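> give me the fold of what follows.
(2 chains)
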Amino acid sequence: MSATRTLPPHLARLSESIRETAAGYGLDFFETIFEIVDYAEMNEVASFGGFPLRYPHWSFGMTYDQMEKGYSYGLQKIYEMVINNDPSYAYLMECNNLVDQKLVMAHVFAHVDFFKNNMCFAPTNRKMMDTMANHGTRARKYVEKHGADAVEGFLDCCQSLDNLIDTHSLYMRRRPKPGRPVSVSDEEPAEDHSVARLRSKGYMESYINPEEFLAERREHKRKQTEQRQVFPASPERDVLLFLLEHAPLERWQQDLLAVVRDEAYYFAPQAQTKIMNEGWATYWHTKMMTEKLLDASEVIDYADHHSGTVFTQPGGLNPYKLGLELFRDIEERWNRGQFGPEWEAIEDWSEKRRWNRDAGLGRQKIFEVRKLYSDVTFVDTFMTEDFCREHRFFHYSYNKQTDLYHIDSREFAKIKQSLLFQLTNFGQPMIAVVNGNHRNRGELYLLHQHDGIDLQLDQAEDTLRCLYRLWQRPVHLESVVFERRKVLTYDGKEHTRREIKATEV
Amino acid sequence: MVSRIEEDKSRFDRIVRGKIKHELRKYITHGEMIGRKGKDFVSIPLPQIEVPHFRYGRNKQGGVGQGEGELGDPIGSSGEPGQGPGAGESPGQHLMEVDISLTELAQLLGEELELPRIKPRGEKNITAVRDKYVGIRQTGPESLRHFKRSFREALKRELSTGTYDPQNPCVVPMKPDRRYRSWREVRLPENNAVILYIMDVSGSMGDEQKEIVRIESFWIDTWLRSQYKHIESRYIIHDAVAYEVDQKTFYSTRESGGTKISSAYKLCQEILARNYPASDWNVYPFHFSDGDNWGGGDTKECVRLLREELLPQVNLFCYGQVESPYGSGQFIKDLEKEFKGEEILVTSQIKDRDAIYDSIKDFLGKGR
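Residues are numbered from 1 along each chain as shown, chains lettered A, B, ... in the order given. Predicted structure coming up:
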């Protein structure tokens, strides 16, 4: 961005010394470039999700509108902004005082360390800054050619579907060869329903190759071939990819869909590691500030700012706080050797508490954790019953009579289960394409893997409308509504909801 | 160069204002524009558009929180772990709901809707009488006695008569020494306004329609109050006959029967003639109806009343037609036909709650 300025000398010196401090603690980060911006620029960059350039879309304008109003009415202020990129870019607010700048820089270095080392971020594009700018240029080119309304309307549809991605697909080969689908017709030439028999003498035949077994094998084989004819062969969770490959889109539409998909994959790890990432950054800024960086005169301001960051509204859940406390708990436990089967076998609570083997493995352990875990596995592995009790977690539920949420349990298992559920698939329902040629009429059939919570129906129907716009044939979504299996359909003209009887499977 | 974000923002604004992309309008949440808390505070949600997604039904879901409390204790707002892009980047972002005062609210409303400031009518401003202390005189009530001046007079008298003794500096004011503050009446020009709310309460106006009128009146009131120093409000309800009522009755009455709009205009005219001469007052009648006027020439009568009696003495006459379950009446079309090009008379169709926003702009966007 042309308007951004490089750091004034005193901040440049500061960033250099904090960089050294951070490296001294063993943090390992990309080169980090700080730029200083005023609040308007900060709001702009923040509205673009941290990037100076994005494709043109009203939604960024909406975010900007909110930030601007929020800022001018004194409700909110963005302190820092950092981009997962190599080199990493971070923005400092011009009007912040020195202690805030210190804190932000310390926080930023820890974030960049996390971006660089956490495995969730391993497949992300580290030149996203350039990629996003390219996306912008391409989208603007399409706007010139096809008009703003057409392009933006199409982007609205894509954004509507942007949670239908498969974050795990980046780590494995789900399909033999990505790219063009195996078309149904050029399968192996002849359908062979015969099954291999073991060699036997005639009189032993019925024993060695019993008829039931052969029948079973034949049936199995038949099913397999049938399966191959279903398309996709196995449910495809990357709905966007499926659309990219199979929907009848024009070139520019295909390109824009790919843009939205790329960006969705880029941002997904940030949603998957919110608690860890913020916890990690908060852990390190406190450590660096209190041990090395703070001047005595800054203590009060720092404490004020820091407490604002980790403040938890009564009844709420603050990812900064949760992550920070979990990291501290892990460090403490591994320092005292409170882990492993021996420790877990102890029944007596007070003995468990007193346990100390002076293992001193805490620091090493948290570095390992920041590398190998995501929020789901992090909470699953390290949130213990003691931790849960100590930090006063509870489970709440909705009460129809009072129209309020009430605390309904402090039971560890329930709390943990609920928290893990919220984090799974970054809080989005699991939906997959099961058939791209439904009823042999080229209709699209999606299945929602229902896990206890219904979809919001009005939105689901509107989303189907978007899907139809891309697929251009009727689209179906199977889900559960009030404990009944239903198929929502949009055929280009009207929405229907059909119940699936228990008899049809 | 216009920055990229400004382009996006103007795009967003135009969607919100309904200029482009009407298919998105249904996702706009103005929230409840009215959210009056306590005496003077409201929370204003900002316009937002949420593109649809396959997502979990939002409400009635359980979750995990942190803090004190017994089983069964209610908790206020439910916080879920933050999600979505942008996560992991910005500490210090908080919820957007905010308490602000009515004055600020009016200002926001003005900015949001780009309402022009109202220009009070020419020279006809009322003059208010104020007392101002400007001088000193020798008579007056004891409560206004000016001690310093009185003692100074006494000292002068004692010095000149030679009774003053520096060894024993005791000064006693006598009657002629006393001085009193005096005042003058100053006439200050001041802008006063009266708002006349007129509502059709005939059988076809349901609760939802009244709620719309109530919300819209609140915003009109808020805006006009920010523009004038003194505002008086009068309330008229009518079906086939019109009555003047207090505010509470205005919003709660449910009559049945026919509609004769002219009755209300007549009453409005009477109230104006009796209490609010046009030379002293800025006058704003707002009439809300479903537009289903009684036949038999009543509309003609209304047009006559408006043209000859009301329009010459008001700043602005606003007619809002609320759509009722029985549809929307003819009256708005009649008015539009009769008063084509008339700037003082503004009409607006209010289909549902979401249309309130535009309707306010219709009414107040003229700056009159």
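
> next, give phi and psi for B:Ser233.
phi -120, psi 140 (degrees, to the nearest 10).

> show me what the nearest residue to it once chain neighbours are set aside bridges to in the sheet.
Excluding the flanking residues, the one nearest B:Ser233 by CB to CB, 6 or more residues apart in numbering or on different chains is B:Ile195, at 5.0 Å. For every residue, glycine as well, the C-beta is placed using N, CA and C. Beta bridges link B:Ile195 to B:Ser233, B:Tyr284 when assigned by DSSP bridges.

> correct me, but B:Ile195 touches B:His287?
No - B:Ile195 is beyond contact range of B:His287, at 11.5 Å (criterion: CB atoms under 8 Å).

> quick one, which of those two is more surrounded?
Neighbours were counted for B:Ile195 and for B:His287 using other CB atoms under 10 Å in any protein chain shown; B:His287 has more, 25 against 21.

> show me the strands in the stretch 401-505 of chain A, by range?
For the stretch 401-505 of chain A, the strands defined by DSSP state E, counting those that start in this stretch occupy A:404-409, A:431-438, A:443-448, A:475-481, A:484-490, A:495-499.

> so where's the stretch 301-450 of chain A uncertain?
Scanning the stretch 301-450 of chain A for pLDDT under 70 picks out the ranges A:314-315, A:402-403.

> point me to the residue of it nearest chain B.
A:Gly316 (3.1 Å; CB to the nearest CB).

> surely that residue is in a strand?
No - using DSSP: H, G, I helix; E, B strand; the rest coil, the assignment for A:Gly316 is coil, not a strand.

> that one and A:Tyr405: what is the separation?
Distance, A:Gly316 to A:Tyr405, using CB to CB, to the nearest Å: 11 Å.

> looking at these two, which has the bigger crowd around it?
A:Tyr405 (23 against 20).

> state the distance from that one to B:Pro74.
7 Å.

> now swap in B:Asn192 and tell me
Distance from B:Asn192 to B:Pro74, by CB to CB: 47 Å.

> please identify the buried residues of the helix or strand that contains A:Tyr64?
Following DSSP states H and E, one finds A:Tyr64 within helix A:58-72. For helix A:58-72, the neighbour count (16 or more other CB atoms under 10 Å in any protein chain shown) marks A:58-71 as buried.

> filter those by proximity to chain B?
For chain B, the contacts drawn from the buried residues of helix A:58-72 by CB under 8 Å from any CB of the partner chain are A:Trp58, A:Ser59, A:Phe60, A:Gly61, A:Met62, A:Tyr64, A:Asp65, A:Gln66, A:Lys69, A:Gly70.

> format those as a markdown table; extra columns: distance to A:Trp471 and pLDDT.
As requested, these are exported to a markdown table (distance: CB to CB, whole Å; pLDDT from 0 to 100):
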| residue | distance to A:Trp471 | pLDDT |
| --- | --- | --- |
| A:Trp58 | 24 | 90 |
| A:Ser59 | 23 | 89 |
| A:Phe60 | 27 | 92 |
| A:Gly61 | 29 | 89 |
| A:Met62 | 27 | 86 |
| A:Tyr64 | 32 | 87 |
| A:Asp65 | 33 | 81 |
| A:Gln66 | 33 | 78 |
| A:Lys69 | 38 | 70 |
| A:Gly70 | 38 | 69 |
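
> got the residues of the stretch 151-300 of chain B near chain A?
Within the stretch 151-300 of chain B, no position is adjacent to chain A by CB under 8 Å from any CB.

> where does the stretch 151-300 of chain B have low pLDDT?
B:188-190, B:255-256.

> domain ranges for chain B?
B:1-51+B:97-114, B:127-188, B:191-364 (automatic domain parsing).

> how about a markdown table for those, with distance to A:Phe213 added?
Output for the domains of chain B, formatted as a markdown table (distance: least, CB to CB, whole Å):
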| stretch | distance to A:Phe213 |
| --- | --- |
| domain B:1-51+B:97-114 | 55 |
| domain B:127-188 | 106 |
| domain B:191-364 | 68 |
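
> which of the ones you listed is buried the deepest?
With neighbours taken as mean count of other CB atoms under 10 Å in any protein chain shown, the domains of chain B reach their highest mean count in domain B:191-364, at a mean of 19.

> roughly how far does whichever residue of the stretch 1-150 of chain A sits closest to chain B sit from B:Asp292?
Nearest residue of the stretch 1-150 of chain A to chain B, counting by CB to the nearest CB: A:Gly61, 3.4 Å away. Plainly put, A:Gly61 is 42 Å away from B:Asp292 if you go by CB to CB.
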